[in-house]
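J.: for reference, the sequence and a predicted model appear below.
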Amino acid sequence: MGQKLFPLQVTDSGQYECVATSSMGEMHWSGSLQVQVPGILPGPPSTPLVTNVTKSSVTLTWKGNEQSGGTAVTYVVEAFSEDVGGPWQTVATNVEGETHTVQGLVPDTVYLFLVRALNAHGLSDPSGISEPIRTQEDTSPTPQMPPELARVAVHLQEPVVLPPGAVRLAWTVEPPSPSVQGYQVLYRRRGGRWEAWDVRAPGERGALLTGLRRGQDYEVKVRPFYLHLHGPDSAVRALRMPEAAPSAPPRAVSVAGNGTSVRISWQPPPPAEQNGVILDYRIWCLGNESRFHINQSVEGTVLATVLRGLVPGVPYRAEVAAATGAGVGARSAPISIRIAPPVEQDVGRVGWGSMAERMAAVVRRPAFIAGVSGALWLILAGFAAWLYSRRRRRKELSHFTEAGISRYIAQTEPFGPGNTEGPIYSSIEAGGEELRTFHRPCSQHGHETLYGHPAPGHGKNLGKVVQTPVLSWTELLPPPPSASELSQYTEEEEEEKEDEEMNEEEDGM
């Protein structure tokens, strides 16, 4: 998928960016495009075809591009080999035809090839990369090899992997030969170039290989030698070194900020220190407090990611580490990140979010919660006090109603002035039983003590009615309330009765 710019114009030159978005995140790629006047540079040739592979040479054929730029075209051949190392190497220049034989290659080595066209204005874009090919292995016996050495057979046993990065080899020889001066152990990473290690002891039947890369597949074999001559190779044994966490961090870690998000990119650790297949990368964006931390992981084939949600003004540091099946490797050096706070003119745009965050923080504080609880308690207490005083006032005014006045008259009527049973009326007779003489035992002189007789001159007429002051009921009561107070109280009493009736109806339902 993509966007095609066709036909290209000089004005199409510039910087382009591609954004890929999915549920897992967002990736950005950018590149520059330089459009030149048509007809200046030649077009790229076709992908070269490799034939006639020998131990030191191959033959390449290709087809030129119809767009030659109007000038004579020659070709440049480039080769690459991971076993040899290094970047792409130019192995032929000024090739006039559309075929070429590359000489001087290393035996038993994998190579890749490409071709470029060249005219007076410069080089074309590269052609497609050829299929990988391996040069032939130089295993032909020399005529000077002793017959006894050619008949020696080495049987290599299954290798034993030892930690860390070591392998123990053992073999047997049939038949024993005095022509054998030692054994050559050859090993390589699968698809790589053979490396040799000599065991210069004819009687030795084993070796210890060290320094092998963790998480890599290897092939090993053994062959006898005499001086510079080699006997037949043993069967090839395959082995795999166990994985370990990467011993080096990712390289070239860089950060590019954009608002409250940043884009972090990196390169894999050096191949020799990956210690296995990288399954994923771990990214840590650590703030000055744990609540600001942002952690993320991406697949091992992804070399960039975007972190969102960074808080402006908070200092962050970013770290990246690679992880294999054995664990997480070393972290990269921390890179400082700081998102600048919004400028004053942006307060109107972002101020509401900041204010809401501050308000939420205040509401969560214990002091705020305690204060609100106390205020609610005071409001409830005040409402209860008001309700109590209102009911008490009703009770005090209840005797001013028609029912209250009737009750008061009924309670006070039996004790009117014509009634002899009132509380202020006395009917005690002087000779009555109430004033009889009480005697108690005399003292040692034989005198009696008389109780109930008044002292001389201080007598009191008993049995007479005590005159009660004649008062009307209106004089006994406090002044009545005003008409507005009585009407208000009557309305409240009617509302209270209606509420009681409604409650009774609800209870009946």
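T.: Arrived safely, thanks for sending.

J.: what's the end-to-end length of stretch 175-185?
T.: Stretch 175-185 has an end-to-end distance of 19 Å (C-alpha to C-alpha, to the nearest Å).

J.: and G259, how far from G309?
T.: Going from G259 to G309 by C-beta to C-beta, to the nearest Å gives 11 Å. In this view, the C-beta of every residue, glycine as well, is placed from N, C-alpha and C.

J.: T61 too?
T.: Distance check for T61 against G309: by C-beta to C-beta, it reads 56 Å.

J.: who has more neighbours, these two?
T.: Neighbour comparison, T61 and G309: the larger count goes to T61, with 15 against 9 (by other C-beta atoms under 10 Å).

J.: show me what that one is bridged to.
T.: Taking DSSP bridges as the rule, T61 bridges to L49, T99.

J.: the most centrally placed residue in the chain sits in which helix or strand?
T.: Centroid check for the chain by C-alpha atoms, centre = their mean gives N295 as the closest residue, at 5.1 Å. Here N295 sits within strand 294-299, counting by DSSP states H and E.

J.: for that strand, which helices and strands make contact with it?
T.: Under the contact definition 3 or more C-beta pairs under 8 Å, 6 or more residues apart in numbering; DSSP states H and E, strand 294-299 sits against strand 280-286, strand 304-307.

J.: can I get those in JSON lines including mean pLDDT?
T.: Listed next are those as JSON lines, based on pLDDT from 0 to 100:
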{"stretch": "strand 280-286", "mean pLDDT": "93"}
{"stretch": "strand 304-307", "mean pLDDT": "90"}
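
J.: who touches the strand holding N295?
T.: By C-beta atoms under 8 Å, 6 or more residues apart in numbering, the surrounding residues in contact with strand 294-299 are 24-25, 279-285, 287, 305, 307, 309-310, 316, 323.

J.: do that again at 7 Å, thanks
T.: Contact with strand 294-299 is made by 280-285, 305, 307, 309-310, as judged by C-beta atoms under 7 Å, 6 or more residues apart in numbering.

J.: what does stretch 61-75 give?
T.: In contact with stretch 61-75 (C-beta under 7 Å, 6+ apart) are residues 39-46, 48-49, 51, 94-96, 98-99, 115-121, 127.

J.: now the helices and strands packed on strand 294-299 as TSV including distance to R338 and mean neighbour count?
T.: Below are the helices and strands packed on strand 294-299 laid out as TSV (distance: least, C-beta to C-beta, whole Å; neighbours: other C-beta atoms under 10 Å):
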stretch	distance to R338	mean neighbour count
strand 280-286	12	20
strand 304-307	14	20
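
J.: out of those, nearest to G31?
T.: Of all these, strand 304-307 sits nearest to G31, with 14.0 Å by C-beta to C-beta.

J.: which other helices and strands does that closest one contact?
T.: In terms of contacts (3 or more C-beta pairs under 7 Å, 6 or more residues apart in numbering; DSSP states H and E), strand 304-307 is packed against strand 25-33, strand 261-267, strand 294-299.

J.: 10 Å instead?
T.: Judged by 3 or more C-beta pairs under 10 Å, 6 or more residues apart in numbering; DSSP states H and E, strand 304-307 is in contact with strand 25-33, strand 251-258, strand 261-267, strand 280-286, strand 294-299, strand 315-324.

J.: chain center to it: distance?
T.: 13 Å (C-alpha atoms, centre = their mean, to the nearest Å).

J.: residues in contact with that strand?
T.: Residues from elsewhere that reach strand 304-307 (C-beta atoms under 10 Å, 6 or more residues apart in numbering): 19, 21, 24-29, 254-258, 260-266, 281, 283-285, 294-298, 316, 318, 320, 337.

J.: per the record, what domains does this structure have?
T.: Domain ranges of the chain: 49-134, 147-240, 251-344, 391-436+459-499, per automatic domain parsing.

J.: filter the contacts of stretch 61-75 to the buried ones?
T.: Among the contacts of stretch 61-75, those classed as buried by neighbour count (16 or more other C-beta atoms under 10 Å) are 41-42, 44-45, 48, 95, 115-119, 127.

J.: out of these, who's nearest G231?
T.: Closest to G231, out of all of the buried ones among the contacts of stretch 61-75 and judged by C-beta to C-beta, is P48, at 38.3 Å.

J.: list the contacts for that closest one?
T.: 58-63, 75, 77, 98-100, 112-115, 127-131.

J.: those, buried ones only, as a ChimeraX selection?
T.: One line in ChimeraX is enough to select the buried ones among the contacts of P48; burial here means 16+ other C-beta under 10 Å:
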select :58,60,62,75,77,100,112,113,114,115,127,130
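
J.: if you look at the contacts of P48, which of them are in strands?
T.: With DSSP state E as the criterion, strands contain 58-61, 75, 77, 99-100, 112-115 from among those.

J.: now, which of those sits nearest A153?
T.: For the ones in strands among the contacts of P48, the nearest to A153 is V58 (33.3 Å; C-beta to C-beta).

J.: hang on, that closest one packs against E131?
T.: No: judged on C-beta atoms under 10 Å, V58 makes no contact with E131 at a distance of 11.2 Å.

J.: what residues are shared contacts of these two?
T.: Both V58 and E131 are in contact with 48, 50, 113, where contact means C-beta under 10 Å, 6+ apart.

J.: circling back to that earlier point, wait, which of the domains of the chain is closest to A381?
T.: Proximity to A381 (C-beta to C-beta) singles out domain 391-436+459-499 among those, at 16.1 Å.

J.: can you check the distance spanned by that closest one, start to finish?
T.: 15 Å.

J.: what does stretch 170-178 give?
T.: Using C-alpha to C-alpha, the end-to-end distance of stretch 170-178 comes to 20 Å.

J.: ok, T47 - contacts?
T.: When contacts are counted by C-beta under 10 Å, 6+ apart, T47 is found next to 62-63, 113-115, 126-131.

J.: point to the helix or strand of the chain where mean pLDDT is at its lowest.
T.: Taking mean pLDDT, DSSP states H and E as the measure, the chain has helix 473-476 as its least confident helix or strand, at a mean of 54.

J.: before we move on, the earlier item: quick check: which of the helices and strands packed on strand 294-299 is nearest to D217?
T.: Of all the helices and strands packed on strand 294-299, strand 280-286 sits nearest to D217, with 21.2 Å by C-beta to C-beta.

J.: pull the CA atoms of that closest one into CSV?
T.: Presented in CSV, the C-alpha positions along strand 280-286 are these (Å, rounded to 0.1, in the frame of the first residue of the first chain):
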residue,chain,number,x,y,z
ASP,A,280,10.9,-7.6,21.9
TYR,A,281,12.2,-4.3,23.2
ARG,A,282,11.3,-2.8,26.5
ILE,A,283,10.9,1.0,26.8
TRP,A,284,10.9,2.8,30.1
CYS,A,285,9.9,6.5,30.4
LEU,A,286,10.5,7.3,34.1
